[in-house]
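> coordinates for the following, if possible.
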Amino acid sequence: MEDRMNLTMLADFYEITMANGYLEHDVADQITYYDMFFRRIPDGGGYAIMAGLEQVIAYLKNLHFTEADIEYLRNKNCFSEKFLDYLANFKFCCDVWAIPEGTPVFPNEPLLTVRGPAIQAQFIETMVLLALSHQCLIATKASRIVRAADGRAVMEFGSRRAQGADGAIMGARAAYIGGCAGTACTIADRDMHIPALGTMAHSWVQMFPTEEDAFRNYARTYPDNCTLLVDTYNVLQSGVPNAIKVFQEEIVPRGFRPKGVRIDSGDIAYLSKKVRNMLDEAGFADCGIVASNSLDEHIIRDILRQGGKVDSFGVGERLVTAKSDPVFGGVYKLAAVEQDGALVPKIKVSENVEKITNPGFKKIWRLYERDTGKAIADVITLHDEVIDDSQPYEIFDPSYTWKRKIIENFVAKPLQVPIFVKGECVYESPNLQEIQAFCKEQLATLWDEVRRFEHPHKYYVDLSQDLWDMKHALLEKYCGSCVEKMQKQK
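I've put the predicted structure just below:
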């Protein structure tokens, strides 16, 4: 997918005005550290899924300004020639670390960290947020829907309802990472090898004189992969009886078995049970039932709880748009700068406590129980700290610091990996099948209590003592009243 259009100018205008200002005030080359993170898990869930890194990598590899870009900026009459000359000779030279795609992630931990000249590290904010926030959102929603389906295949059917072409294509990619079996989006199969799935629409049935004629013609065209849409007129009175007749007369005599019937309207739980009985009585116990029609994780779970006999689900608009909670809320914040060879931490202070950032150059660790492999908690430390998993380690709630726990017999693994070193990509993205398998594997490390839909157990993202001390000192320095407010809110 690296041959997509050059998106260098997909930037908020303030990123360009600030870049020009940095150059004018001789801070353009000052080394800065930025973190991309999010503050809240969509749908009140217990975890999110990291996705979109491959698109960030492609963007950074192709980051350059064309003559047309520079001429456009010149015509704005607000940028210096010195700045335009800089852009003409621009070469990305930052270091980048990120959490691999498919990893379960949690609020306030850096999904991606950038170290580099202020003029560059600030400029990439919009595309980093756009790529990661969108795909993390859709992958998280897909994971919820796939878990609700309880082992039944889920197909992403939302291309026509997505927010634009890129929303459809990247939405299909993210949904696949989250566990979907395939997509209706053909270009996603061509370019990313996500299995393209689909059979017919109601218009096929309407095109022929009778429903039986429509089914018969489709069966003759695709005898080895025949799934018929049975709800155009009446599922139980005509759709399924006509499907059974065509299966018996067109599919079986050719040496094949029918693949399925699809129900796209009505009471799916009730209809699927009736359809299952009809197919079984006709000798087609191996014929699957596919359900679609504005589904999400809650509807799918209710269908199955009510005894619905659905073998797979096609989920469209509520998946590809994450309709129930459509904003991931990613942010990109300055965490530190280098001055005279020393690292100076930076903090964003707010009366809204959840918006106060974690300062400094950091590292994220995931702590696992050695015996079960289950994740205990994540700990954000200063970058040069090492968690020694051969020794007991104390973790504590960074907001309610008296909540402390000594953990033993655990394994500590850093989550971020190097992506770019001095502007050169050092990371090879896995293929999507590998990412999907990794995602499934990593989700299995979370306790069921963290993965439940309603009121999930809070998975803790703690701070090391050194990082907490740094943050507290900065809060006292810049806003003593904020510290008092935090103490009251505890």
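> next, the buried residues of stretch 308-326.
Across stretch 308-326, burial judged by 16 or more other CB atoms under 10 Å covers 308-310, 312-322, 325. No exception for glycine: its C-beta is placed from N, CA and C like everyone else's.
> same question, stretch 343-362
Under the neighbour-count criterion of 16+ other CB under 10 Å, stretch 343-362 has Leu343, Pro345, Lys346, Ile347, Val349, Ile356, Thr357, Asn358, Pro359, Gly360, Phe361, Lys362 buried.
> try stretch 271-283
Using 16+ other CB under 10 Å as the test for burial, stretch 271-283 gives Leu271, Ser272, Lys273, Val275, Arg276, Met278, Leu279, Ala282.
> Ala172 touches Ile194, doesn't it?
Yes. Using CB atoms under 8 Å, Ala172 is in contact with Ile194, at 5.7 Å.
> what do those two both touch?
Thr183, Cys185, Ala188 (CB atoms under 8 Å, 6 or more residues apart in numbering).
> neighbours of the second one, how many?
If I follow you right, that is Cys185. Per other CB atoms under 10 Å, the neighbour tally for Cys185 reads 30.
> for the last one, same thing?
Ala188: 26 surrounding residues under other CB under 10 Å.
> re the thing from before, turn the buried residues of stretch 343-362 into JSON lines, including pLDDT.
Shown next, in JSON lines, are those (pLDDT from 0 to 100):
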{"residue": "Leu343", "pLDDT": "97"}
{"residue": "Pro345", "pLDDT": "97"}
{"residue": "Lys346", "pLDDT": "97"}
{"residue": "Ile347", "pLDDT": "96"}
{"residue": "Val349", "pLDDT": "92"}
{"residue": "Ile356", "pLDDT": "93"}
{"residue": "Thr357", "pLDDT": "96"}
{"residue": "Asn358", "pLDDT": "97"}
{"residue": "Pro359", "pLDDT": "98"}
{"residue": "Gly360", "pLDDT": "98"}
{"residue": "Phe361", "pLDDT": "98"}
{"residue": "Lys362", "pLDDT": "98"}
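> what is the nearest of the residues you listed to Cys425?
Within the buried residues of stretch 343-362, the smallest distance to Cys425 is 20.9 Å, found for Phe361 (CB to CB).
> any idea how far Val154 lies from Glu15?
38 Å (CB to CB, to the nearest Å).
> tell me which of the two has more neighbours.
Remark: of Val154 and Glu15, Val154 carries more neighbours, 25 against 15, as counted by other CB under 10 Å.
> helix, strand or coil: sort out that one for me.
strand (DSSP: H, G, I helix; E, B strand; the rest coil).
> one more: Ala19?
Classified using three-state DSSP, Ala19 is helix.
> what's the neighbour count on it?
22.
> quick one: it and Ile303, what's the gap?
According to CB to CB, Ala19 stands 52 Å off from Ile303.
> ok, now which ones touch the nearest residue to His193 once chain neighbours are set aside?
Distances taken as CB to CB, 6 or more residues apart in numbering put Leu432 closest to His193, at 6.7 Å, once the chain neighbours are dropped. Each residue near Leu432 by CB under 8 Å, 6+ apart is listed here: Arg173, Tyr176, Ile177, Met192, His193, Ile194.
> burial count for Ala175?
33.
> report the central residue of the chain.
The C-alpha lying nearest the average C-alpha coordinate of the chain belongs to Cys136 (CA atoms, centre = their mean; 1.9 Å).
> need the contact list for it.
Phe38, Ala48, Ile49, Met50, Ala51, Gly52, Val105, Leu111, Ala174, Phe328, Gly330.
> and the strands in the stretch 251-400 of the chain?
Ranges of strands within the stretch 251-400 of the chain are 260-263, 288-291, 312-315, 330-339, 342-345, 362-369, 375-382, 393-396, based on DSSP state E, counting those that start in this stretch.
> same thing with the stretch 101-250 of the chain?
Using DSSP E, counting those that start in this stretch, the strands found in the stretch 101-250 of the chain span residues 104-105, 112-117, 153-156, 182-183, 227-229.
> where does Ala437 land in three-state SS?
Assignment for Ala437 (three-state DSSP): helix.
> number of nearby residues for it?
Residues near Ala437, counting by other CB under 10 Å, number 13.
> who are the neighbours in contact with it?
Ala437 sits next to no residue when contact means CB under 8 Å, 6+ apart.
> how far away is it from Asp397?
Applying CB to CB to Ala437 and Asp397 gives a distance of 33 Å.
> got it, and Ser238?
Taking CB to CB, one finds Ser238 at 61 Å from Asp397.
> could the contacts of Leu432 go into CSV alongside pLDDT, neighbour count and distance to Gly266?
Shown next, in CSV, are the contacts of Leu432 (pLDDT from 0 to 100; neighbours: other CB atoms under 10 Å; distance: CB to CB, whole Å):
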residue, pLDDT, neighbour count, distance to Gly266
Arg173, 98, 28, 32
Tyr176, 98, 28, 29
Ile177, 98, 29, 32
Met192, 96, 18, 34
His193, 96, 12, 35
Ile194, 98, 26, 29
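> quick one: low-confidence ranges for the stretch 1-150 of the chain?
With pLDDT under 70 as the threshold, the stretch 1-150 of the chain has low-confidence stretches at 1-5.
> per the annotation, how does the chain divide into domains?
13-138+330-489, 149-320 (automatic domain parsing).
> which one of those is the most hemmed in?
Burial of the domains of the chain is given as mean neighbour count (mean count of other CB atoms under 10 Å); domain 149-320 ranks first at a mean of 19.
> for it, the distance to its chain's centre please.
Its chain's C-alpha centre and that of domain 149-320 lie 25 Å apart, by CA atoms, centre = their mean, to the nearest Å.
> first-to-last residue distance for that domain?
17 Å (CA to CA, to the nearest Å).
> which strand residues bridge Gly288?
Here Gly288 sits in beta bridges with Gly260, going by DSSP bridges.
> was I right to think it contacts Phe313?
No. The criterion here is CB under 8 Å, and Gly288 misses it with Phe313 at 11.1 Å.
> one step back: so can I have TSV of the domains of the chain showing distance to Asn6?
Listed next are those as TSV, based on distance: least, CB to CB, whole Å:
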stretch	distance to Asn6
domain 13-138+330-489	6
domain 149-320	14
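> for Leu7, find the nearest of the ones you listed.
domain 13-138+330-489 (5.7 Å).
> now, among the contacts of Cys136, which is nearest to Asn409?
Once CB to CB is applied, the member of these that ends up nearest Asn409 is Val105, at 24.8 Å.
> pretty sure the closest one sits against Gly52.
No. At 11.6 Å, Val105 and Gly52 do not qualify as touching, with contact defined as CB under 8 Å.
> ok, Gly373 touching Trp447?
No. The criterion here is CB under 8 Å, and Gly373 misses it with Trp447 at 11.1 Å.
> if we can go back for a sec, now the strands of the stretch 251-400 of the chain as TSV including distance to Thr140?
Shown next, in TSV, are those (distance: least, CB to CB, whole Å):
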stretch	distance to Thr140
strand 260-263	27
strand 288-291	22
strand 312-315	14
strand 330-339	12
strand 342-345	30
strand 362-369	18
strand 375-382	17
strand 393-396	25
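> nearest to Asp150, of those?
Closest among the strands of the stretch 251-400 of the chain, using CB to CB: strand 312-315, at 10.6 Å.
> partners of the closest one, with directions?
Strand 312-315 is paired, per DSSP bridges, with strand 153-156 (parallel), strand 288-291 (parallel).
> dump these into TSV; add mean pLDDT as well.
What follows is the strands paired with strand 312-315, written out as TSV (pLDDT from 0 to 100):
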stretch	mean pLDDT
strand 153-156	98
strand 288-291	98
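> measure the residue lying closest to Arg147 once chain neighbours are set aside to Ala188 for me?
Among residues not flanking Arg147 along the chain, Arg451 sits closest, at 6.7 Å (CB to CB, 6+ apart). Distance of Arg451 to Ala188, given as CB to CB: 27 Å.
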